[in-house]
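**Student:** my questions concern the predicted model and sequence given below.
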Amino acid sequence: MLNHTTVTEFLLLGFPSLHHQEYLIAITFLASYLVILVGNLLIVALILSDRDLHRPMYFFLCNLSSLEIFITTSIIPKTVASLLMGSKAISYPACITQCYFYSLLGSIEFLLLAVMSYDRYVAICYPLQYPMLMNSQLCVQLLLGSWTAGFLSTIVPTVLVVRLPFCNANHIDHFFCDSVLLMKLSCAETQIVELISFMTFSIILLGSLVMTAMSYLYIINTILKLPSASSRNKAFSTCSSHFTIVILGYGSCIFLYMRPSSHHISYNKMVALLNTMVTPLMSPFIFSLRNEQMKKALKVGLKRSVIISRKCFSF
């Protein structure tokens, strides 16, 4: 690879049509990133500190919030630094690393969403057997399985991309290193690499989507059979937040990676913004404001914080 690769860095063009508003964009990105960090860290802290939330649903939610933090951290800080300093350059190793972690964490997130839908399926369709079926051992196994499958599905395409030679072209018309755009810059034939990458990503995306869709079909069928309207509303409310994130996540990625190539790069950037910033930004509000247990834990946490702060100031 080193004998063939002459490109040592890439240039992320970002938002060339908004060149005079880059500082405003950087501030918006930075503010959103801070909200994502605080919101998701708050969810993780609440779940870890409140015993009432030590259940499978919140165990997976805690891991989902952690993934949201990791995904945005792999993209937004570099983007903000580039916009503020005016330097569009990113080194070859940093670009490959960003591609890998974005693909890895994104694949794990889709698998985790499928696992969370299965958890809701068991909870609603088999409520009496739920504690026995979704025990702590199975939850850990499902989480480890998601990480393992995500790693195996991204390591081969990444290795193939690393082996590609990059000769002269080094301009990436995006605000982060995307493997699809990166392969187009190679001075070698990339059809096989693109096909393998597309197939592995399709297996993860469509496979998890099918599992999620099947779980929700059974869930909806079971909810509609409930005798009382209050029971149906309660059951729907427990799934609505997760279903919203599923629609946003799958919809954006299908638009980006599962459709024919398009020259409308600006549309791709907007959808990528939805996937990398808007969805992680909305997740804490969706899961906390629409969940009674989370709101209760938040109120208890705030009361504890007030009591502790009063004791500290009393000294």
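**Tutor:** Here it is on my side, so go on.
**Student:** going forward, measure contacts between C-alpha atoms and count neighbours the same way
**Tutor:** Noted.
**Student:** please name the nearest non-neighbouring residue to Leu205.
**Tutor:** Excluding the flanking residues, the one nearest Leu205 by Cα to Cα, 6 or more residues apart in numbering is Phe110, at 6.6 Å.
**Student:** and the strand or helix carrying Asn221, how far out from the chain middle?
**Tutor:** Assessed by DSSP states H and E, Asn221 sits inside helix 191-224. How far helix 191-224 lies from its chain's middle: 15 Å, per Cα atoms, centre = their mean, to the nearest Å.
**Student:** how about it: buried residues?
**Tutor:** Across helix 191-224, burial judged by 16 or more other Cα atoms under 10 Å covers 193-194, 197, 200-202, 204-205, 208-209, 211-216, 219-220, 222-223.
**Student:** quick check: mean pLDDT of that helix?
**Tutor:** Mean pLDDT, computed over helix 191-224, is 88.
**Student:** now the element after that helix, going C-ward?
**Tutor:** Once the chain leaves helix 191-224, the following helix or strand, as judged by DSSP H and E, is helix 229-257.
**Student:** and the nearest residue to Thr72 once chain neighbours are set aside, how many neighbours?
**Tutor:** Distances taken as Cα to Cα, 6+ apart place Thr276 nearest to Thr72, at 6.0 Å, with adjacent residues excluded. Neighbour count for Thr276, taken as other Cα atoms under 10 Å: 22.
**Student:** for Met57, same thing?
**Tutor:** What Met57 shows, counting by other Cα under 10 Å, is a neighbour count of 17.
**Student:** for the one helix or strand it maps to, buried residues please.
**Tutor:** If you go by DSSP H and E, Met57 is part of helix 56-85. Buried residues in helix 56-85, counted by 16+ other Cα under 10 Å: 56-76, 78-80, 82-83.
**Student:** which strands or helices does the helix or strand where Tyr100 lies pack on?
**Tutor:** Tyr100 is part of helix 92-125 when elements are defined by DSSP H and E. Under the contact definition 3 or more Cα pairs under 8 Å, 6 or more residues apart in numbering; DSSP states H and E, helix 92-125 sits against strand 9-12, helix 56-85, helix 130-133, helix 136-162, helix 191-224, helix 229-257.
**Student:** try 7 Å
**Tutor:** Packing partners of helix 92-125 (3 or more Cα pairs under 7 Å, 6 or more residues apart in numbering; DSSP states H and E): helix 56-85, helix 136-162, helix 191-224.
**Student:** which one, of the ones you listed, ends up nearest to Ala297?
**Tutor:** helix 56-85 (11.9 Å; Cα to Cα).
**Student:** report the inter-axis angle for the closest one versus helix 136-162.
**Tutor:** With axes from the mean of the first three to the mean of the last three Cα atoms, to 10 degrees applied, the angle from helix 56-85 to helix 136-162 works out at 30 degrees.
**Student:** distance from the chain centre to helix 56-85, please.
**Tutor:** For helix 56-85, the distance to the chain centre is 7 Å (Cα atoms, centre = their mean).
**Student:** any idea of the mean pLDDT for that helix?
**Tutor:** 90.
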